[in-house]
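>>> Below is the sequence, then the predicted model.
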Amino acid sequence: MDTLQNMRVFVRVVEAGSFTGAAQYLNTTTAYASRAVSDLEAHLRTRLLNRTTRRIALTEAGERYLQRCEQILAYVDQAEAEAGDAHARPSGKLKVHAMTSFGQHYVVPAVGQYQQRYPDVHVELTLAQRMPDLLDEGYDVALVVATDLPDSGFVSQRLTSAFSIAVASPAYLEKRGVPQKPADLAHHTCLQMVTPVFPTSQWQFTGPEGEATVDLGAATFQVNVAEAMAVAVREGMGVGLLPIYSAISGLRSGELQWILPEYKSQEMNVFAVYPSRQYLDAKIRTWVELLRESMPSTLARDQNELRRFART
């Protein structure tokens, strides 16, 4: 028995004053309307309506039940309207996860742009160096920086790509010399970034002569956040690989120097990952649309600026 539908029929019968009037309004048969009320009465083991051939009248129990039905149906209608509105109009809380460094440099500014367009959305951003469980942790969208994604059943959209560059401080290079090719790094102190997407013992470079691999051996320093690596490099502790977005401010200030400018390393894709494409909530849809619109041009801007810091 569809109790909720039967409640709707019961309320309509009372409002219409007859089973026939209710049936006409609901575009159904009089027999269906009568059976719906009878099913309710059987379910409740209570008579709701007294019937004669000419009129119907609520019983005392029916009057109380009618009030509750009207309240319940109003709540259901409100819930359906809110759910439908969520598909049409961005509002409510948007829970986003992003990799730490990428999130600081690119996702936080994107959130600012998004909330200017959609002020009714409240964004809750979590930054961490891992891929979250979207369903268990309740995230609407995760921004993931990786070469590719495992088969998870989630929806993913590739937004753009990013890569890392080798950098060192001017003081370190003055003391140890400037590497001219990736193989020269074997004679330098190489600092390792340890994240889910960076191998811990090798650096992969792509340059004019194709692919080059540098085996790092035992590292004197490891860290899992790019900003911390940037500090270590600025302090002259050695050579580090940094994503462009973490290196660019140090290059601008002169605290970092780009070495091996003909080579890039650890090229990664940037993905937006979310649980489902069907009946997509408006706030998720518009957030991903903004990322697709803004993220490629933002990273391209930094990559274009990078050219002026090339040193040979």
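Structure's in. What do you need? Numbers count the residues shown, from 1 in each chain.

>>> any low-confidence regions in the stretch 1-150 of the chain?
For the stretch 1-150 of the chain, the stretches with pLDDT under 70 are 1, 53, 81-88.

>>> Can you tell me how far the nearest residue to T160 once chain neighbours are set aside is from E289?
Excluding its sequence neighbours, the residue lying closest to T160 (C-beta to C-beta, 6 or more residues apart in numbering) is P296, at 4.3 Å. (Each C-beta comes from the backbone N, C-alpha and C, glycine too.) Counting by C-beta to C-beta, to the nearest Å, the gap from P296 to E289 is 13 Å.

>>> Who are the contact partners of the closest residue to V144 other than its chain neighbours?
Leaving aside its sequence neighbours, V144 sits nearest to F271 (C-beta to C-beta, 6+ apart; 4.7 Å). Counting by C-beta atoms under 8 Å, 6 or more residues apart in numbering, F271 makes contact with 143-146, 149, 156-159.

>>> name the element K95 belongs to?
Taking DSSP states H and E as the definition, K95 sits inside strand 92-98.

>>> tell me which residues in that strand are buried?
Buried residues in strand 92-98, counted by 16 or more other C-beta atoms under 10 Å: 92, 94-98.

>>> Ok, stretch 148-160 next?
Neighbour-count burial for stretch 148-160 flags 154-155, 159-160 (criterion: 16+ other C-beta under 10 Å).

>>> Do a quick rundown of the strands in the stretch 101-250 of the chain.
121-127, 141-146, 155-168, 190-193, 202-207, 210-215, 222-223, 239-243 (DSSP state E, counting those that start in this stretch).

>>> Return the distance of the fifth one from the chain's centre.
In terms of C-alpha atoms, centre = their mean, to the nearest Å, the centre of strand 202-207 is found 30 Å from the chain centre.

>>> cool, and stretch 270-284?
7 Å.

>>> try stretch 265-281
Centroid displacement of stretch 265-281 relative to its chain, using C-alpha atoms, centre = their mean, is 7 Å.

>>> what's the first-to-last distance across it?
One end of stretch 265-281 to the other measures 37 Å (C-alpha to C-alpha, to the nearest Å).

>>> Contact partners for the residue nearest in space to the middle of the chain?
The centroid of the chain falls nearest to V141 when counting by C-alpha atoms, centre = their mean (1.3 Å). Going by C-beta under 8 Å, 6+ apart, V141 touches 94-97, 272-274, 284, 287-288.

>>> ok so, going back, SS state for the residue nearest to T160?
Of the three states, P296 takes helix under DSSP: H, G, I helix; E, B strand; the rest coil.

>>> gap between it and Y245?
P296 is 14 Å from Y245, by C-beta to C-beta.

>>> Of those two, which one has the most company?
Y245 (19 against 14; other C-beta atoms under 10 Å).

>>> Could you pick out the longest helix of this structure?
The residue-count maximum for a helix in the chain (DSSP state H) belongs to helix 60-88.

>>> Tell me, how many residues neighbour S18?
Neighbour count of S18, defined by other C-beta under 10 Å: 16.

>>> actually S161, not the one I wrote
Other residues near S161 come to 14 when the count uses other C-beta under 10 Å.

>>> start at 680 instead
Renumbered: residue one is now 680, and that last one reads S840.

>>> so the residue nearest to it when sequence neighbours are not counted is in which element?
Nearest non-adjacent residue to S840, counting by C-beta to C-beta, 6+ apart: N948, 5.3 Å away. Element membership for N948, per DSSP H and E: strand 943-953.

>>> of the buried residues of strand 771-777, closest to Q794?
Taking C-beta to C-beta as the measure, Q794 lies nearest L773 of the buried residues of strand 771-777, at 9.5 Å.

>>> returning to that earlier point: from L683, how far out is the residue nearest to S840?
For N948, the distance to L683 - C-beta to C-beta - is 46 Å.

>>> before we move on, what about R743?
R743 sits 18 Å away from L683, going by C-beta to C-beta.

>>> Next: D819.
Distance of D819 to L683, computed by C-beta to C-beta: 29 Å.

>>> Looking at these two, which has the bigger crowd around it?
More crowded of D819 and L683, by other C-beta under 10 Å: D819, with 21 against 11.

>>> can I assume Q808 is in contact with M778?
Yes: with contacts counted by C-beta atoms under 8 Å, Q808 reaches M778, the gap being 6.2 Å.

>>> hey, what's in contact with both of those two?
By C-beta under 8 Å, 6+ apart, the residues touching both Q808 and M778 are T874.

>>> Those two: who's more crowded?
Between Q808 and M778, counting by other C-beta under 10 Å, M778 is the more crowded of the two (27 against 18).

>>> Number of residues surrounding the closest residue to that one other than its chain neighbours?
Spatially, and ignoring its direct neighbours in sequence, M778 is nearest to V824 (5.0 Å; C-beta to C-beta, 6+ apart). By other C-beta under 10 Å, the residues close to V824 number 24.
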